[in-house]
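**Student:** I need the structure of the sequence given here:
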Amino acid sequence: MVVSLGTPRSHLNKDMGNTQVQPTEEAFCDLDTHRGLPVVLLYVMPSFFLTVLILGLPLNLLSLWVFLHRLRRWTRSTVFVFNLTLADTSWLLALPYLIYYHLDQLYWKLGLPLCMGVRMFYHNYFYLSIFFVTCISVDRYLAIVHPLRSLVLLGRRQTGLLCVAVWVATLMLSIPVANMTLIQTCPGSNRTVCTLYILLSETGESLPFSICCSIIGFLFPLLSVCYCGLHSVRELRHRPCRPDPHNKQRRLRRALSAALVFFALFYLPYHLSRNAAIVMRAVYPDSPASWQHADLAFALEMCFCSLFTCVNPLFSCFMGRQFRKEFYGIFAVMFSQCPGMQVASMISKRTRMTVRKRQGMSTVTPVCALPAPGS
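**Tutor:** Predicted coordinates for the structure are as follows:
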């Protein structure tokens, strides 16, 4: 059945097998490569996703192996970063479906259930990342500002329950995505597309849902990260000084700064572009040409945000000295197996020994005191 672009949606809400027949969306069916959005959907997005898969999957699998087999002592931050890495890895394992879809000229052949699952999983992963980065910031805040109280508020059992609550909450927050995901048949062809709720012309459901997710899943975490970061830095500045041979203060500053940078670079532009794309449809429902710039910005943000899965392993490295040591050690062993790398490995080892000897002969510079090791 071929559906014209002007057919009312209310008269065509039918289910024919795995294909829901709805008024087709121009964003998915019009693949004129002289326009910006089709170029991004057909070429830029699959290229980004494929690059992220090639780089991110080995890094995250290696990180999981370090967490499970090399780390002897787990702190609260270790648990949160492990869950963040687990979310990244799960999304990367589902990414080949989207790569295949975009490389196949937006022709979805895998049925409605898998289409709903892929769209829902992308949304679910995004807020998993936000919530776990927020948990890391709150954990550092409690360890610095309220070190004794943090042992009661976030003990081992409470930390595990909080991680489970985050997974359940993000799953509940993503269920409406499955209800708004459709498979449509483009007019004049048998090509079926897996729609994205942000690019649907009708905004009665998508607009309130997107705003709700932006407030609950982004604005509140953003305020929490800013509050925790500012108060943690202020507390560190007002503390007495003591020796800090392992540069814990520097690593804490890096972790707090990284959380703020991640929110600024990845999450804020994504939510602004997503809401703009939906609002433009609500304000100009009969003018698809007015949606093009907002749609293009959102599609580019989808590409850019996928890079977050490659950044998280680096985030894990400066969260913990033990993780960084094991992570770098694995790369050193891998490179040492190459004939050309053996000389460089020996030089690097001698350099490290020389630096350690010099550090042992030098005096220790006092820095600001840090929270108790058990935090």
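**Student:** helix or strand right after the strand or helix carrying Thr51?
**Tutor:** Following DSSP states H and E, one finds Thr51 within helix 45-69. As assigned by DSSP H and E, the chain's next helix or strand after helix 45-69 is helix 76-103.
**Student:** by how many degrees do that next one and helix 45-69 diverge?
**Tutor:** 150 degrees (axes from the mean of the first three to the mean of the last three C-alpha atoms, to 10 degrees).
**Student:** elements contacting the next helix or strand after helix 76-103?
**Tutor:** Moving toward the C-terminus from helix 76-103, the next helix or strand (DSSP H and E) is helix 112-145. Packing partners of helix 112-145 (3 or more C-beta pairs under 8 Å, 6 or more residues apart in numbering; DSSP states H and E): helix 76-103, helix 147-153, helix 156-180, strand 192-194, helix 220-237, helix 248-262. For every residue, glycine as well, the C-beta is placed using N, CA and C.
**Student:** how does it look with 7 Å?
**Tutor:** helix 76-103, helix 147-153, helix 156-180, helix 220-237, helix 248-262 (3 or more C-beta pairs under 7 Å, 6 or more residues apart in numbering; DSSP states H and E).
**Student:** which parts of that helix count as buried, going by neighbours?
**Tutor:** Along helix 112-145, these residues count as buried under the neighbour rule (16 or more other C-beta atoms under 10 Å): 112, 114-145.
**Student:** which intervals of the stretch 201-350 of the chain have sub-threshold pLDDT?
**Tutor:** Applying pLDDT under 70 to the stretch 201-350 of the chain flags the ranges 239-255, 313-350.
**Student:** what about 80?
**Tutor:** For the stretch 201-350 of the chain, residues meeting the criterion pLDDT under 80 lie at 233, 236-263, 311-350.
**Student:** on that earlier part again, got a markdown table for the helices and strands packed on helix 112-145, with distance to Cys303 and mean neighbour count too?
**Tutor:** Formatted as a markdown table, these follow (distance: least, C-beta to C-beta, whole Å; neighbours: other C-beta atoms under 10 Å):
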| stretch | distance to Cys303 | mean neighbour count |
| --- | --- | --- |
| helix 76-103 | 11 | 21 |
| helix 147-153 | 38 | 14 |
| helix 156-180 | 19 | 15 |
| helix 220-237 | 22 | 16 |
| helix 248-262 | 17 | 17 |
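**Student:** thinking again about what came up before, and the helix holding Thr51, what does it pack onto?
**Tutor:** If you count contacts as 3+ C-beta pairs under 7 Å, 6+ apart, helix 45-69 packs onto helix 76-103, helix 292-305, helix 308-317, helix 321-336.
**Student:** that helix to helix 292-305, inter-axis angle?
**Tutor:** Interaxial angle of helix 45-69 relative to helix 292-305 (the same axes, to 10 degrees): 30 degrees.
**Student:** care to break this structure down by domain?
**Tutor:** According to automatic domain parsing, the chain comprises the domains 9-237+246-319, 321-358.
**Student:** ok, Leu265 - how many residues close by?
**Tutor:** Using other C-beta atoms under 10 Å, the number of residues around Leu265 comes to 15.
**Student:** if we can go back for a sec, quick check: buried residues in the helix holding Thr51?
**Tutor:** Buried residues in helix 45-69 (16+ other C-beta under 10 Å): 45-46, 48-50, 52-53, 56-57, 59-64, 66-67.
**Student:** correct me, but Arg119 touches Leu196?
**Tutor:** Yes. The pair Arg119 / Leu196 is scored as a contact, 6.4 Å apart, by C-beta atoms under 7 Å.
**Student:** got any residues that touch both of these two?
**Tutor:** Common contacts of Arg119 and Leu196 (C-beta atoms under 7 Å, 6 or more residues apart in numbering): none found.
**Student:** closest to Leu41 out of the helices and strands packed on helix 112-145?
**Tutor:** Among the helices and strands packed on helix 112-145, the nearest to Leu41 by C-beta to C-beta is helix 76-103 (6.2 Å).
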